[in-house]
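> prediction below, plus the sequence it came from.
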Amino acid sequence: MNDFDYLEWSRSTSPDQEEWKSAVEARRERMKAAAQPKQKLSIRLDSDVVDAFKQLAGDGSYQALINRALHEWLVQGSMERVLQRYASSVARGAQVAGELSGAFRAHQKVMAASPFNIAPERQGELHELRKQLGLTLEFDDQRSIRVDIEAAEIRVGMLAVQRIWGHCVGLWRIAEALKSVPMGAPLPLEDAGVKAGLAALEWGMGLSDDSSALPIPVAETDEFEVFLVALGWILLHEVAHVRLEHQPIASTTDSIKEEQEADRWATEWVLSDWRDYSDEQRVFTKRSIGVVIAHTYIAHIEQFAASFGPRTHPPAFERLMNLAQPWLDDRDGAGEHAEPALYYAIAATVLLLERTHSDWPRTQQFDSAVDCLITLSQHVPR
């Protein structure tokens, strides 16, 4: 083997100046990074962000790549703009939250009347029932709607009312988008309406503090009318607990049974005699959509509560399917009017499947909304 004279080779072979400068710069960056102490943090990132950085990093460290990307943002001054936009968003959210609170306080009278106006054909009957039971209704600043069965008192939390509004706006916009795509086609996540709907739903589910995606409720608009139906059904559900003389403290089995009875009572009140008021399809459509939204709101509450203790209410999706089953069976001829509401049930089911990371047929084509809902229901975790 001949001896290799490295010194002679290095003198006679000039390095590529651009490669040399690049290598020197890279080494300086590594030394600079090594000199800076790292601070261990625990942060939550969206899964699509993590997946993108993992793909970019390949066999390298995606966490180091995220750190480097943040450094570049700071160097370019872009992070400051991001933080400014975030601060502006928070300020806007606080402003909207104040406007929402004020708007709903202005609507307290019509909200209190929602159980009566949801089914005008039964107003007199409900007035008599209220007097018979001694029912009272009060608004407060809590985040829940609850009933004191012994005192026959329903208390309505204003934050709960706003969360229901978030569900109404979110599902309304997502369902409208679903109507424009073939059955079984992927949800158009890049659609502006879907994005706005998901943002409203996130706030409605308590997953976001940013209420800027929510419009201020305006009386007599379609969204507000459907919201009143949803709120009215929830209040009738609480009335049912008093009317059916349910026990304030019941076993888990009895509690689930009583919740199912209250569901049926409220749903029959709203939907059973709708033709006595009008034969127009839009009457049933508005009522059924509102009831689906109410079920979705309750479903999200129960999904959250179930992780903190024993289940005292029926499984969330079971309640939704119990509601939809008469439409699927076309009982009383209601099925022909139920398709708009089924889109809302489908939207709620898709969201539940996604939130539980379930395996479901995202690309399957369906013949109808009924076929779609039945198929999706088979993939919901029980």
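Good, I have the coordinates.
> give me the below-cutoff pLDDT ranges for the stretch 151-300 of the chain.
By pLDDT under 70, the low-scoring segments of the stretch 151-300 of the chain are 182-189, 249-253.
> could you redo the last one with a cut-off of 90?
Low-confidence segments of the stretch 151-300 of the chain (pLDDT under 90): 159, 167-168, 170-216, 218-223, 245-260, 263-264, 267, 271-275, 278-293, 295-300.
> how's the chain carved up into domains?
The record assigns the chain these domain ranges, following automatic domain parsing: 14-76, 97-377.
> could the ones you listed go into CSV alongside mean neighbour count?
C-beta: built from backbone N, CA, C; applies to glycine. Compiled in CSV, the domains of the chain are given as follows (neighbours: other C-beta atoms under 10 Å):
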stretch, mean neighbour count
domain 14-76, 10
domain 97-377, 18
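> now the strands: where do they sit in the stretch 51-200 of the chain?
Secondary structure of the stretch 51-200 of the chain (DSSP state E, counting those that start in this stretch): strands at 136-140, 145-148, 153-157.
> and these as CSV, adding distance to Trp265?
Listed next are those as CSV, based on distance: least, C-beta to C-beta, whole Å:
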stretch, distance to Trp265
strand 136-140, 17
strand 145-148, 13
strand 153-157, 15
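> out of those strands, which comes closest to Leu70?
Proximity to Leu70 (C-beta to C-beta) singles out strand 153-157 among the strands of the stretch 51-200 of the chain, at 39.7 Å.
> quick one, the closest one and strand 136-140 angle?
Taking axes from the mean of the first three to the mean of the last three C-alpha atoms, to 10 degrees, one finds that strand 153-157 is oriented at 20 degrees with respect to strand 136-140.
> packing partners of strand 153-157?
Where contact means 3 or more C-beta pairs under 8 Å, 6 or more residues apart in numbering; DSSP states H and E, strand 153-157 is packed against strand 136-140, strand 145-148, helix 222-243.
> in its sheet, what does that strand sit against?
Strand 153-157 pairs in its sheet with strand 136-140 (parallel), strand 145-148 (antiparallel), by DSSP bridges.
> in a markdown table, list these along with distance to Leu65.
Below are those laid out as a markdown table (distance: least, C-beta to C-beta, whole Å):
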| stretch | distance to Leu65 |
| --- | --- |
| strand 136-140 | 49 |
| strand 145-148 | 47 |
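> rebuild these as JSON lines, extending it with mean pLDDT and distance to Lys195.
Formatted as JSON lines, these follow (pLDDT from 0 to 100; distance: least, C-beta to C-beta, whole Å):
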{"stretch": "strand 136-140", "mean pLDDT": "93", "distance to Lys195": "32"}
{"stretch": "strand 145-148", "mean pLDDT": "92", "distance to Lys195": "29"}
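> if anything else comes up later, I'll come back, but that's it for now.
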